[in-house]
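*Asks:* Sequence and predicted structure, then a few things I'm wondering about:
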There are 2 protein chains.
Amino acid sequence: MRSSETIASATGYLLLKLANLASARMEEALLPFRLRGRDLRVLAFVEDGELSQRDLCERTGLDRTTMVAVIDELERNGYVRRERSPSDRRKQLITVTADGRTILSEALTAMRRTEDDFLAPLGEDDQRQLHRQLSLLYAAHDPRCHTDETPDPELLPSSGVGVAGTRHSEGPTRPTS
Amino acid sequence: MRSSETIASATGYLLLKLANLASARMEEALLPFRLRGRDLRVLAFVEDGELSQRDLCERTGLDRTTMVAVIDELERNGYVRRERSPSDRRKQLITVTADGRTILSEALTAMRRTEDDFLAPLGEDDQRQLHRQLSLLYAAHDPRCHTDETPDPELLPSSGVGVAGTRHSEGPTRPTS
DNA sequence: GCTGATCGTCAGCGTAGCTGATAATCAGCT
DNA sequence: AGCTGATTATCAGCTACGCTGACGATCAGC
């Protein structure tokens, strides 16, 4: 087998390619709602209750500075409101507006449809299988996961690698050896 | 079910998160070789024969300008050489050097190990299943795929990485976190 | 020898996320 | 009360990435 074939059929490679394809579709489907993927993610957690930006960072895995931009965007569109916490005036409590709730619901429906569409080539059984395996894998790699299928409480390596975002490059990209 | 749970357990979401985690690990594993994901991907195709940069673009899905940077890097490290084609002096034929071949082999091995490690939380059967499903899905979505979507279980779980390049054929390219 | 297309290259733009610094605020200690 | 250190949100700046658009060199067709 040639090296190029080795690469092209690797599970990791497939994972990346599919993730890109999927995210492109998701972003596309979210355009009408004036949302981007990360916005929707945050918005979904906002609905859980009165959370500070910090809390949202922890749950979504976004950086604190990125969160500022996301909330800015959501607020500009009128989907959420910032309110200083009475008990701790450092915190901004993020609450969803009526508009936000509506949009969230519609966007989630659109997401679901897009996802079903994307997974359609697989049979129903395979879809369930795939979801189960991804859940297991994710749970094993992310200690504080929020997936419904938490398999084993024993946390695996997790290897100190950042949870979210592609943070390649530590310092100069050339590891001078 | 709360919205946040809907999101967090969505197959698409898991796909994205896992792809990020995986690519971070791959990049990390490639550091000692002075390679990045995209470099390895290109290098693997270079080995297939005498290809121009344009050819490599088509096969790897990278942009032509990005390819320049990749080849620059590979050449600086002595893994490939540029040679003007005698028959068409516009083209740069990219050939792999002895060093490049060695590094490629070692890097592929490292990739395989990293991938095995990453997939370890799943049982062997699940790993095969996962690979098969991803292959099917990818084949269904990418017309000119290079994968052998024929799920031959005995044929190595494989290896590799790729900072996936998105074809310009698809919609807005915005890899969501 | 023109004309138009192709290949590689470079400069510039936009985006994403991160680091580091800052002001406001809180909690603990004396 | 006052001082000290931690925490929250914010902003400016940096880095990395890939893309668009322009350019010189080269080729193919006429």
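*Replies:* Looks like it arrived, so ask away.
*Asks:* And stretch A:4-14, how far out from the chain middle?
*Replies:* Shown here is stretch A:4-14, whose average C-alpha point lies 24 Å from the average C-alpha point of the whole chain (Cα atoms, centre = their mean, to the nearest Å).
*Asks:* how long is that stretch end to end?
*Replies:* The first residue of stretch A:4-14 is 13 Å away from its last residue (Cα to Cα, to the nearest Å).
*Asks:* Give me the contact status of stretch A:105-123 with chain B.
*Replies:* Yes. Stretch A:105-123 lies within reach of chain B by Cβ under 8 Å from any Cβ of the partner chain, at A:108, A:111-112, A:114-115, A:118-119, A:121-122. (Glycine included, C-beta is placed from N, CA and C.)
*Asks:* Flag every buried residue along that stretch.
*Replies:* Burial within stretch A:105-123, assessed by neighbour count using 16 or more other Cβ atoms under 10 Å in any protein chain shown, is assigned to A:107-108, A:110-111, A:114-115, A:118-119, A:122.
*Asks:* so which of the residues you listed are also by DNA strand D?
*Replies:* Near DNA strand D, taking Cβ under 7 Å from any atom of the strand as the test, no member of the buried residues of stretch A:105-123 is found.
*Asks:* In helices, which of those residues appear?
*Replies:* Secondary structure of the buried residues of stretch A:105-123 is defined by DSSP state H; positions in helices are A:107-108, A:110-111, A:114-115, A:118-119.
*Asks:* Any chance of TSV for the residues you listed, columns pLDDT and distance to B:Leu31?
*Replies:* Written out in TSV, the entries for these read as follows (pLDDT from 0 to 100; distance: Cβ to Cβ, whole Å):
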residue	pLDDT	distance to B:Leu31
A:Ala107	93	38
A:Leu108	92	39
A:Ala110	91	39
A:Met111	90	35
A:Thr114	90	36
A:Glu115	90	34
A:Phe118	90	33
A:Leu119	91	34
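*Asks:* Kindly tell me how buried the residue nearest to A:Thr11 when sequence neighbours are not counted is, as a neighbour count.
*Replies:* Distances taken as Cβ to Cβ, 6 or more residues apart in numbering or on different chains put B:His131 closest to A:Thr11, at 4.9 Å, once the chain neighbours are dropped. The tally of other residues near B:His131 (other Cβ atoms under 10 Å in any protein chain shown) stands at 21.
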